[in-house]
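Student: Fold the following, please.
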Amino acid sequence: MSDELDALRQENARLQQALAHAHLELEDFTYSVSHDLRASLRHVTAYLQIIDEDAGDLLDAASRAHLGTAAEAARHMGRLIDGLMELSRLGRVALHPAAVGLANLVAEAQQVLAPEVAKQPVQWRIAPDLPTVWGDAAMLRQALVQVLGNALKFSAQPGPAIVEIGWQPGSAGQCELWVRDQGVGFPPEQAGKLFRAFSRLHRAAEFPGIGMGLALARKIVERHGGSISASAQPGAGCCVRLSLPLAR
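Tutor: Purely as a prediction, here's the structure:
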């Protein structure tokens, strides 16, 4: 039995190493592709600007509209490339873990989101006993900014948005932090798409963005050995749950 357990442990370690190597190769590929796309996009943007400056007055209304559409498409592609670069960066940057109070991280995330709050009043309902977790403060703050910002964006409606933040003990030394809004929600069968890069469950005309925020949050949480999930119903809001290691 001991020999079998040792063999299983060795095989598990081998698979973990292979998985880490595969992730690193994927991040290298993503970075290289994004960098090459950015170089080509600069040429497209530059020539669109030259056409606009040199021939803009000679074009009819329809042609100018086509030129504007192409320029906006180039800007959108730039935002997509920025998202890929950021996702790749999160897989490369070194973690600096320490004991971090979630209450402080939530307060800092609220400050970052202050411009959004200025557009629509928010009622924050935050548990008074948020725990201390073990992780990289800067990266966890970024994950909270993405999750809270998502809750604010999809709570756009008459009257103040309501965002609840709470937690409960999890298994294996983890805590389960949850963020609940009362926004538009989504069909529950689409929950698996929510954390994919560039995945959108609503039309861009209704809610702006490139569909990268929760993918970034997922990358950060997984790098801390945790997981992230969401549940929702159409018109009944969304609840995002993040498992994070409690401080030792």
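Student: Tell me the first helix or strand C-terminal of the helix or strand bottoming out on mean pLDDT in the chain.
Tutor: For the chain, using mean pLDDT, DSSP states H and E, the weakest element among its helices and strands is helix 2-55, scoring a mean of 71. Counting by DSSP states H and E, the next helix or strand C-terminal to helix 2-55 is helix 61-92.
Student: And that next one, what does it pack against?
Tutor: If contacts are counted by 3 or more Cβ pairs under 8 Å, 6 or more residues apart in numbering; DSSP states H and E, helix 61-92 sits against helix 2-55, helix 213-223. No exception for glycine: its C-beta is placed from N, CA and C like everyone else's.
Student: Would you mark the buried spots in the next helix or strand after the shortest one?
Tutor: From helix 213-223 onward toward the C-terminus, using DSSP H and E, the following helix or strand is strand 228-232. By neighbour count on 16 or more other Cβ atoms under 10 Å, the buried set for strand 228-232 is I228, S229, A230, A232.
Student: cool, stretch 147-162 as well?
Tutor: Those would be V147, L148, G149, N150, A151, L152, K153, F154, S155, A161, I162, for stretch 147-162 by 16+ other Cβ under 10 Å.
Student: cool, stretch 168-182 as well?
Tutor: Under 16+ other Cβ under 10 Å, the buried positions of stretch 168-182 are G170, Q174, C175, E176, L177, W178, V179, R180, D181, Q182.
Student: For this structure, give me the ranges with low pLDDT.
Tutor: The chain contains residues with pLDDT under 70 at 1-13, 15-35, 56, 156-158, 198-211.
Student: Okay, now stretch 51-62: how far is its last residue from its first?
Tutor: 15 Å (Cα to Cα, to the nearest Å).
Student: Please read the previous query as pertaining to stretch 219-229.
Tutor: 12 Å.
Student: So what touches it?
Tutor: Contact partners of stretch 219-229, identified using Cβ atoms under 8 Å, 6 or more residues apart in numbering, comprise 87, 90-91, 95, 97, 134-136, 139-140, 142-143, 174, 191, 195, 214, 217-218, 240-245.
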